[in-house]
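Enquirer: Structure for this input, please:
(2 chains)
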Amino acid sequence: MTLGLINANPVVHAKKKRVARPLDDPHADDAVDPLEIYDYVRDIRDPEHPYSLEQLSVLSEESITVDEKLGRILITFTPTIQHCSMATVIGLCLREKLKDCFPAHFKVDIKVAPGSHADEEAVNKQLNDKERVAAALENPNLRQLVTECLYSSEL
Amino acid sequence: MAKPTEYVKHIESYVDSSSSPSQQAASVDALAILLKNDLLTLEALVRELDLYLTTTDSIIRSRGTLLLGELLTQLELKPLSDAAIHSLIGFLTERLEDWRALRGALVGCLALLRRKTDVGVVTENDAEAVMKSYMQYLQVQSMGQHDRKLCFELLECLLERYPNAVQPLGNELFYSICEGIDEEKDPQCLILAFHIVEVAAKLFPDPSGPFTSYAADIFEILGRYFPIHFTHPKSEDIGVSRDELSRALLLMQLIFCVFQLAFAATPLFEPFAIPLLLDKLSSSLPSAKVESFKYLGYCAPMYGSDRMAKHGGALWSSVKDVLYTSPQSALSVESESDGGMIFEESDIMVEALILLEGLIQQNSDLLLDMILGDEDINNFICSFPKPWDIHDTPLQLRQQLHSVGRLLAVSAKSSMASCNRVFEKFFPQMMEALGCSVGNHSDESFATEDRALSSRFNYVKGLQLLATFPRSFAPVSLLLFENILLKLVSAITSNFDKKFSWGLELKALVEIGLYIEGYQESEKAATFARIVVDKFVSWISSDEPAMPLSLKMQAICETGMTGISNMLRIVQGMEKAISAKFTQAYVDGNFESVELVIKVLECYSARVLPWFEMNGGSEEVAWNLAAIIWDKIDNSSSVNLTVQNYELLGAAMTAMKQAVRRCSQESQEKIVNRAFRVLSASTLFPLKDSPFATSLSNSEDSYLNHHVDRVSCRDEWIISLYASVVIALRPQTHVQNLKMVLQLFIMALTKGHIPSAQALGSLVNKLPSKTNERHLSQEYGVEEAIDVILTSSIWNFCQSNTLRKCSLFGGGNEIHNTKCLAGLNHTSVHISAIVGLAWIGKGLIMRGHEGIKDITMTFLGVLLENTNNGDFPESCDPIEGKEQEVIPLMKSAADAFHILLSDSEDCLNRNYHSVIRPLYKQRFYNSVMPLLLSSTRQSNSIITRSMLFRSFAHVISETPLSAMISEANKLIPLLLDSLSTLTEDVMHKDVIYNVILVLSAILMDKNGQVAVLENAQAIINQLIGLAAYPHMMVIRETAIQCLVAMSELPYARIYPSRTKVLQAISKALDDPKRAVRQEAVRCRQAWASIASRSLHF
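Expert: Numbering: from 1, shown residues only, chains lettered A, B, ... in the order given. From the prediction side, this is the model:
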């Protein structure tokens, strides 16, 4: 599809240790928190490299905010390079994954971190336009790429 | 004999270069078969081949020679005459000259030279001729890879099999070897080349022989390959299969081995090899260093100590360089807690240490002189700050310290003499560095508070080292030993608030104690006992020192566990403490005494008694403990009832059980008799004056009339402890006055006294069953005991009682009943009675006694009668008061099945010598299941049904899965029924959880698969319901996990449910509990993917 890799030599970070959560109060409800969301999305594979989004530092726990009362999730991710054309694919993967993992009443906003992408506005607009997201996922090539990223066992 | 036409066509087909390789192979095989079966002689063939072997067309000639060579290879096992071999080898030797037809000649020579002696071999003269021809004509390095390999094989074969033939050739031989292996690069050829060097070197061990003059040349060729690196292809690279990779690795390992062998093949290499290796050590490449150390370590013993001695200085300086000057070690992860002194050494250091060890073993004097005389090391140790603190030490210094430690350890380890030398030299300095000087043991600042933790650590460690030094090596005077112990004890006394160092000090003491015990040093043992053990023991009952009781007990127990004599001292102390404080604790409820006695008793049950059991101590300790407790109880008259008192009672009961179960039968009898005397003197026994023969109903009646309200606290103590004794008895132990004891327990259990019920269960479990087995004086066997128990009036509330009715009561039953239970809350007495009966039933069920049937029927009766007698046929029409009473009663009857089948920690298990019949749970399951099922079918009241299902749930969750799985087909519908019935009342949530665990076990079991498949739809529907069960998180979680398991079933079975499951799971995604949500995500994924990746539905 592409002639060369867009970012041929990304910086790979170590995976953080997964710490088991301390046992919660058995009678209280567990609110959805950023860590829970992060646990779902950290292992999504990068569309270009056999590394996870966590390893490439595209995502971190701090870049996720959630408001359970209003039912809103906001994920801000940082593409590895400014001109990354994969940013939209990454966003698409995130949206697809969250759709699988959270009930439909959550409104998910996905953005690139301010200043991290050349076409910041365009990417943000594209990622949060449900018509365009739906259209993108009907494209068999894109759909396949997203599926590979989400369910890849390479990591 | 084959006709010429037959084999000629094979020959032609082989020689014809246009035929395919497989055809050629086939024709060789065909010819070989003819030759093997003697259908064709070798002479005839050679004559036929004549033209092909001598033609001027080089292609045909080479094919012809190759054919001969191949055929000879195939005929390796066929006997041939010496003449034939001679002429063939002569011909082939000649052909070595012909480079165009070389391969055939090589193959042929090799085949002939490799022949076994019993089928005719090449003579030595012929072999020499081959060797000469080889040296004369073959230019190995100008050939292709395969030919080179054949050449090397030929040479290897000659060297190995015809040493006498090649030896005279001397210098020329080595010249040709050098020429041949020079610049070789192919791995397979290299293996052969290295091997040739090794064999050749072994062939000429004489230092004045021809090898000596060529050693330098050969080593030069060899040395170029050092160190061997293998950059194996990565598995991601296309075209390299796992097989090929592993073959390559194997080849590589072979090269390593062969190369190493060649390297160390002869001491003659020493002048060249050692300098090379030393040179490589200064390389910056870590792997080269590692390899060099490895080779040095390998070569040293081969080259011998004399030759190595020359290099001693250089070797030591390179080892020192790696270990001391620039040590490469990393702090290991867990080392922080130990003061940061655990390092993980790099590979280089490990190899260097191995080398050093080898060298010291080879020539210890030389090396030790160098190590001990090394100024750097000396200065390093002497210049150490005293006392030093590890946390102030920079990392590099710590690394050095670690390396020097390892270095000295390795040096000391090699022999007794070297150990002595190392210690003479460095021990005083090191002890000084730890803060304790060997010469004068000034007790300077040890006790001062402001010393840093780590220096304390050092100091304690140092003291421990000194104290555990074997007397034969460095005699530490008894006085000094005493001093050390005193210091440690005083440290423990004053330092209890610093948890870490306190633990260290205690550990040091324990180590010293263990060491003394291990080395049988009697003088020291006495000192240890006097200073440490006695001191600690004196703490038990005094307020000094002011440390928490739990720490005191820890110190006491741990020092006691160092040896039997110490433990006995401690036990004495503990016994004294119990004697002194028990009365106080138990009569007055004095807070401190209670706490102390509880701790001491816990210590007994958790540490002391198990320790004696493990270390083969006598039962005396257990017996004494029981005796002391009974004495104390006997001598006190009243008890105050406090909360702590209950705790104390619990501790006393546990200790009593633990003690009694370890006693022998005789001691147990003594204890139980003693206990009975106390019991019979208590106010529990109004019947003590009346003869036992009087009517049972009278005694019971009078008891119930007098004591219905409450039992005094002292009586509760007595009966609880007595029950504990009974629970722990061995089956052979005889219990006196059994009838009275039974009566007593029965009346206690109606008050809800569980230990009594357990004791009754234990009694019926262990009583002898047949008269002839019985102890002579035993009044009762199990049958009589059951009679007594079951005829008691307390069970009579159950109107459809199926227990054998007691003739004593006759028709007056009802009246009597109402009378004796008057004033009591009916229900609570009934419930206590049911619980008690359940424990009795448990005793019976475990020994496989028939009596269990009656008891089971009683429970069923309670379950069925209360609703089926028409009072309220449907729960929608409840009669308020009645239901209030009946439901708890039915629930306790249902829960009785849980008591019957579940394993108990407190009684009726192997520890308490229970009689356990194999597979008793399975038997009970098989007998009770039909009853439960038919009752369920007949009952039409919702409450009854749910209670019956509750019983059912208890039974299946306690029965081993293997017993039920064969009937999974019948079981699963019932399971599902019970789930749907039980979910209607919150009260059943724990039971539901147990049932769903059984269900998940069936899902996971292979043998249950068929049944699961048949009921797939129903199971899924039930699980979907449970995935939203509001009252218990684990039920939802397990239900969803079961759904995941269901998604593995064959597609056609489960597809119809897919949409339903996905809808239910999307609700579970919104579950308030995180664990459930996570399972829901997994489940959704699993179910969505059975049709496609998409989650749309």
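
Enquirer: I'd say B:Val995 and B:Ser978 touch.
Expert: Yes - counting by CB atoms under 8 Å, B:Val995 sits close enough to B:Ser978 to count as a contact (6.0 Å). Heads up, the C-betas are built off the backbone N, CA and C, glycines and all.

Enquirer: any common contacting residues for the two?
Expert: Common neighbours of B:Val995 and B:Ser978 (criterion: CB atoms under 8 Å, 6 or more residues apart in numbering or on different chains): B:Ala953.

Enquirer: Which residue is it, in the stretch 751-900 of chain B, that comes closest to chain A?
Expert: Closest contact between the stretch 751-900 of chain B and chain A, by CB to the nearest CB, is at B:His898 (22.6 Å).

Enquirer: measure the closest residue to that residue other than its chain neighbours to chain A for me?
Expert: Spatially, and ignoring its direct neighbours in sequence, B:His898 is nearest to B:His954 (4.2 Å; CB to CB, 6 or more residues apart in numbering or on different chains). Taken as CB to the nearest CB, to the nearest Å, the spacing of B:His954 relative to chain A amounts to 24 Å.

Enquirer: helix/strand/coil for B:His954?
Expert: Reduced to three states with DSSP: H, G, I helix; E, B strand; the rest coil, the structure at B:His954 is helix.

Enquirer: Pull the contacting residues for it.
Expert: Residues counted as contacts of B:His954 (CB under 8 Å, 6+ apart) are B:Ala894, B:Asp895, B:Phe897, B:His898, B:Leu901, B:Ser902, B:Val991, B:Asn994.

Enquirer: At which residues are the helices of chain A located?
Expert: Secondary structure of chain A, counting by DSSP state H: helices at A:34-41, A:87-101, A:120-127, A:130-138, A:140-151.

Enquirer: for the third one, what is the average pLDDT?
Expert: Averaged across helix A:120-127, pLDDT comes to 91.

Enquirer: Next: the fourth one.
Expert: Mean pLDDT, computed over helix A:130-138, is 91.

Enquirer: at contact distance from chain B, anything in that helix?
Expert: No - contact of helix A:130-138 with chain B is not found when judged by CB under 8 Å from any CB of the partner chain; the minimum separation is 9.1 Å.

Enquirer: gap between that helix and the chain center?
Expert: How far helix A:130-138 lies from its chain's middle: 16 Å, per CA atoms, centre = their mean, to the nearest Å.

Enquirer: Specify the local secondary structure of B:Pro227.
Expert: Reducing the assignment at B:Pro227 to three states with three-state DSSP gives coil.

Enquirer: Excluding sequence neighbours, find me the nearest residue to it.
Expert: B:Glu291 (3.7 Å).

Enquirer: What strand or helix carries the one you found?
Expert: Taking DSSP states H and E as the definition, one finds B:Glu291 inside helix B:286-303.

Enquirer: I'd like the average pLDDT over that helix.
Expert: Summarised as a single mean, pLDDT over helix B:286-303 is 81.

Enquirer: tell me which element B:Val121 is part of?
Expert: Under DSSP H and E, no helix or strand contains B:Val121.

Enquirer: Once you drop chain neighbours, what's closest to it?
Expert: Across the structure, with CB to CB, 6+ apart as the measure, the residue nearest B:Val121 apart from its sequence neighbours is B:Arg115 (5.0 Å).

Enquirer: give me the number of residues near that neighbour?
Expert: Residues near B:Arg115, counting by other CB atoms under 10 Å in any protein chain shown, number 20.

Enquirer: got it, and B:Ala585?
Expert: The tally of other residues near B:Ala585 (other CB under 10 Å) stands at 25.

Enquirer: check contacts around the most centrally placed residue in chain A.
Expert: Compute the mean C-alpha point of chain A, and by CA atoms, centre = their mean the closest residue is A:Leu94, 3.4 Å away. A:Leu94 sits next to A:Val41, A:Ile44, A:Ile75, A:Phe77, A:Val108, A:Ile110 when contact means CB under 8 Å, 6+ apart.

Enquirer: Thought A:Asp109 was touching the fourth one, still the case?
Expert: Translated: A:Phe77. No - at 11.5 Å, A:Phe77 and A:Asp109 do not qualify as touching, with contact defined as CB under 8 Å.

Enquirer: In terms of neighbours, single out the busier of those two.
Expert: Neighbours per residue (other CB under 10 Å) separate A:Phe77 from A:Asp109, with A:Phe77 holding more: 23 against 14.

Enquirer: Tell me the bridge partners for that one.
Expert: According to DSSP bridges, A:Val112 are recorded as the beta-bridge partners of A:Phe77.

Enquirer: Report the separation between B:Tyr499 and chain A.
Expert: No Tyr there; residue B:499 is Lys. Between B:Lys499 and chain A the distance, using CB to the nearest CB, works out to 23 Å.

Enquirer: and that residue, how many neighbours?
Expert: Other residues lying near B:Lys499 total 10 when counted by other CB under 10 Å.

Enquirer: Phi, psi for it please.
Expert: Dihedral pair for B:Lys499: phi -60, psi -40, per degrees, to the nearest 10.

Enquirer: Tally up the residues packed near the residue of the stretch 751-900 of chain B closest to chain A, please.
Expert: Look at B:His898: counted by other CB under 10 Å, it has 19 neighbours.
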